[in-house]
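*Asks:* Show me the folded form of this:
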Amino acid sequence: MRKKITQARVAPHLSFFKDDFLKKWGLTDYTSTKEPCVFFGCTSNFDAIQKHEGFKVIWSAGPGDNIDWKLLNNKSNTAILTGQNKFKIPPEIIFKQELIPVKDYSRFKPNVLGDKVYYYSGLDNLGGGDHNKFIKDIQDRCGYEIITTHCKAIGDYKGIGWLKENYYDKCFINLNTSVSHFPLRYPDSGMSTNKELGLMGRLSVMNPVHYNEVYKGMIPYKAYSREAAIENIVEIIKMEAKKIGTVQPAIDSHTITTDEWLYLDFYQKR
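*Replies:* Residues are numbered from 1 along each chain as shown. The predicted structure is shown next:
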């Protein structure tokens with residue numbers, strides 16, 4: 001009989017994903033320090049990870065969520081699961097580079113491309129100041145309206161249905177300048193948006209740093225100067241605008257969509 005992981009501890013800083021994550025994989029909330037466990041999120045899960053005695057799968061939510069892997073207890077009974085590019089870890093730890101759904105993505109399906117550009121602003125509300133001007137310059141030159149959520153706090157977010165209906169469905173491309181010197185923002189933020197819009201047939205204009213080995217559907221842009229970035233992004237937008245009114249194939253970056261990753265023998269294969 002194959003041993004399967006049935007519990008998970010979702011880190012406090014990822015509580016937004018908790019219910020959807022547990023439901024998606026049929027996992028129960030963390031109770032046993034001796035039974036195998038998935039730790040979704042690293043930084044605010046660190047103490048619990050260190051105290052856990054059984055086998056542990058540590059799912060890093062991104063480069064900003066990584067911890068000092070050398071400090072981990074019980075390394076030989078530990079696996080790291082991540083969609084990030086491969087990075088160095090102590091040799092005793094098992095490393096699995098996989099991109100696995102954190103929730104049910106079935107609502108994100110190809111539909112007719114709208115006529116607007118969606119801009120991923122996270123909770124920055126366009127980042128203020130120079131970033132406002134950066135995006136406005138792109139909009140003025142490309143000739144297409146750029147829409148974004150204008151969320152300043154988590155409480156402003158009205159749910160995924162609202163986001164899809166009012167933004168995703170209306171766009172034909174996703175603009176993510178989270179990696180740009182004009183201005184510099186958080187590296188590789190907005191990857192969930194990349195996945196969701198990809199499944200709807202929308203490409204993302206962005207320069208990935210930590211995810212280019214796994215993620216699909218990204219169009220890199222020139223970023224050696226502010227002017228070069230604007231010019232190249234406008235060129236890409238105009239090219240993708242030719243698809244407005246069409247339905248494009250889904251772009252699925254997930255490498256595993258079954259529950260195979262929850263079985264312990266999955267981690268015996270390096």
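*Asks:* Do a quick rundown of the strands in the stretch 1-150 of the chain.
*Replies:* Ranges of strands in the stretch 1-150 of the chain, per DSSP state E, counting those that start in this stretch, are 7-10, 28-29, 37-40, 56-59, 78-82, 94-97, 116-119, 146-147.
*Asks:* Looking at those, spot the one closest to residue 16.
*Replies:* Nearest of these to residue 16, taken as Cβ to Cβ: strand 7-10 at 9.4 Å. Any C-beta I mention is one placed from the backbone N, CA and C, and that applies to glycine too.
*Asks:* re earlier: export the strands of the stretch 1-150 of the chain as TSV, with columns for distance to residue 252.
*Replies:* Below are the strands of the stretch 1-150 of the chain laid out as TSV (distance: least, Cβ to Cβ, whole Å):
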stretch	distance to residue 252
strand 7-10	23
strand 28-29	28
strand 37-40	21
strand 56-59	19
strand 78-82	18
strand 94-97	16
strand 116-119	19
strand 146-147	24
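*Asks:* List just the one of those that sits closest to residue 139.
*Replies:* Residue 139 sits nearest to strand 146-147 of all the strands of the stretch 1-150 of the chain, at 4.5 Å, using Cβ to Cβ.
*Asks:* Show residues contacting the helix or strand following that closest one.
*Replies:* The C-terminal neighbour of strand 146-147 among helices and strands, as given by DSSP states H and E, is helix 160-166. Here helix 160-166 makes contact (Cβ atoms under 8 Å, 6 or more residues apart in numbering) with 107, 108, 149, 157, 196.
*Asks:* so where does the last one fall, helix or strand?
*Replies:* Assigned by DSSP H and E, residue 196 falls within helix 191-199.
*Asks:* buried residues in that helix?
*Replies:* Buried residues in helix 191-199, counted by 16 or more other Cβ atoms under 10 Å: 191, 193, 194, 195, 196, 197, 198, 199.
*Asks:* which residues touch the nearest residue to the last one once chain neighbours are set aside?
*Replies:* Meaning residue 199. In space, and not counting its chain neighbours, residue 199 is closest to residue 108: 3.9 Å by Cβ to Cβ, 6 or more residues apart in numbering. Listed by Cβ under 8 Å, 6+ apart, the contact partners of residue 108 are 164, 168, 195, 196, 197, 199, 200.
*Asks:* repeat for residue 46
*Replies:* Counting by Cβ under 8 Å, 6+ apart, residue 46 has contacts residue 67.
*Asks:* Likewise for residue 192?
*Replies:* residue 102.
*Asks:* Could you measure from residue 108 over to residue 252?
*Replies:* Distance check for residue 108 against residue 252: by Cβ to Cβ, to the nearest Å, it reads 10 Å.
*Asks:* between the two, what contacts are shared?
*Replies:* residue 199.
*Asks:* What confidence value was assigned to residue 134?
*Replies:* Predicted confidence (pLDDT) at residue 134: the value is 87.
*Asks:* Neighbours of it, how many?
*Replies:* Using other Cβ atoms under 10 Å, residue 134 has 19 neighbouring residues.
*Asks:* can you tell me how far it sits from residue 167?
*Replies:* Applying Cβ to Cβ, the value for residue 134 to residue 167 is 19 Å.
*Asks:* what's the answer for residue 237, then?
*Replies:* Taking Cβ to Cβ, one finds residue 237 at 16 Å from residue 167.
*Asks:* Out of those two, name the residue with the larger neighbour count.
*Replies:* Counted by other Cβ under 10 Å, residue 237 and residue 167 do not tie: residue 237 has more neighbours, with 23 against 20.
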